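Participant: sequence and predicted structure below; questions after.
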Amino acid sequence: MKTNLIRPLTSRRAFTLVELIVVLMILVGLAAVLIPAITDMVARTNRSTASSNISEVAAAIQRYEAQYMAYPENLDGLMEDLAGEDLGSVISSLTSATADVTLDANTLATLNAAGITRVGIHADDDGTFELPTSTLLTNTTVLKGLSPATQVALGLETSGTAGKYIVLGVGALSDMNGKTMLDAPVHFPRDSTMNPQTVYCRFLAIFQITDGATALDRAKLVGVMAPDASGLSTEMDNYFQIAANN
């Protein structure tokens, strides 16, 4: 005859206060190591993506120009209207890096010769994703140009000249979309102040329109920058600085 043996339950002992403190110290130590690493990873990814987008936008514009013998129409004008009213969603770093450039008959002809006759105009409170209105340029249109200091910072000049360059955003209305690029890229925000839903976060094409005194026969693309006015060299330099700090 078999007898069922009932095994006594093994008693379970709770963590002591010392053990809990040790576990908490380990978790705090891991957090101290992992949180900066994750933060740096996000920052590196942001800089790397911005560098890639700058290069890809420049290449897309160059392919478009080679294929159609003109630069794309309907790039974003960064203004609320053609009379010089600033677009309110442009971030402060770009505002300080730019200056108004008023076209005249000669600089308008320079842009028109390059195929740029229309720009997209946003409403004042538009962020990144609202579609602008295609608007014909005139010989009194006000556009955003690079300040002399920004020209130097981007490596375009050793001593900047006012009115030499204009900047136009590569946005959703651009004629490049569906041709040399699938869609206009968005600059991923680095912090809450650069939320694309509330501020303008498209990449910007830089066109030279004068030699400093005289209008060029035809405008030419000289670079692309992020919406915080940083160029490819700055983005890459920041990437490697972050990587070196790990």
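Facilitator: Arrived safely. Here the structure is a predicted model, which is why all the values come from computation and not from measurement.

Participant: output the longest strand belonging to this structure.
Facilitator: Ranked by number of residues, the top strand in the chain under DSSP state E is strand 215-225.

Participant: counting by contacts, list what that one packs against.
Facilitator: If contacts are counted by 3 or more Cβ pairs under 8 Å, 6 or more residues apart in numbering; DSSP states H and E, strand 215-225 sits against helix 17-68, helix 105-113, strand 165-169, strand 204-210, helix 232-244. For glycine as for every other residue, the C-beta is placed from the backbone atoms N, C-alpha and C.

Participant: adjacent strands (with direction) for it?
Facilitator: Strands flanking strand 215-225 in the sheet, each with its direction: strand 204-210 (antiparallel) (DSSP bridges).

Participant: between the strand it pairs with and strand 165-169, how big is the angle?
Facilitator: Angle of strand 204-210 versus strand 165-169, following axes from the mean of the first three to the mean of the last three Cα atoms, to 10 degrees, is 150 degrees.

Participant: helix, strand or coil for S159?
Facilitator: Secondary structure assignment for S159 (DSSP: H, G, I helix; E, B strand; the rest coil): coil.

Participant: name the nearest residue to it, sequence neighbours excluded.
Facilitator: The shortest distance from S159 to any residue other than its chain neighbours is 7.0 Å, reached at V152 (Cβ to Cβ, 6 or more residues apart in numbering).

Participant: what's the helix or strand for the one you found?
Facilitator: The secondary structure element spanning V152 is helix 148-153 (assigned by DSSP states H and E).

Participant: poorly predicted segments of the chain, please.
Facilitator: 1-15, 17, 19, 29-45, 235-246 (pLDDT under 70).

Participant: again, only this time at 90
Facilitator: Low-confidence segments of the chain, defined by pLDDT under 90, span residues 1-52, 124-125, 188-195, 231-246.

Participant: re earlier: for the longest strand of the chain, buried residues please.
Facilitator: Judged by neighbour count (16 or more other Cβ atoms under 10 Å), strand 215-225 contains these buried residues: 215-216, 218-219, 221-225.

Participant: can you put those in TSV and add distance to S96?
Facilitator: TSV is the format used below for those (distance: Cβ to Cβ, whole Å):
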residue	distance to S96
A215	26
L216	26
R218	30
A219	24
L221	23
V222	20
G223	18
V224	19
M225	14
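
Participant: quick check: of these, which lies closest to M181?
Facilitator: The shortest gap between M181 and any of the buried residues of strand 215-225 belongs to V224, at 12.2 Å (Cβ to Cβ).
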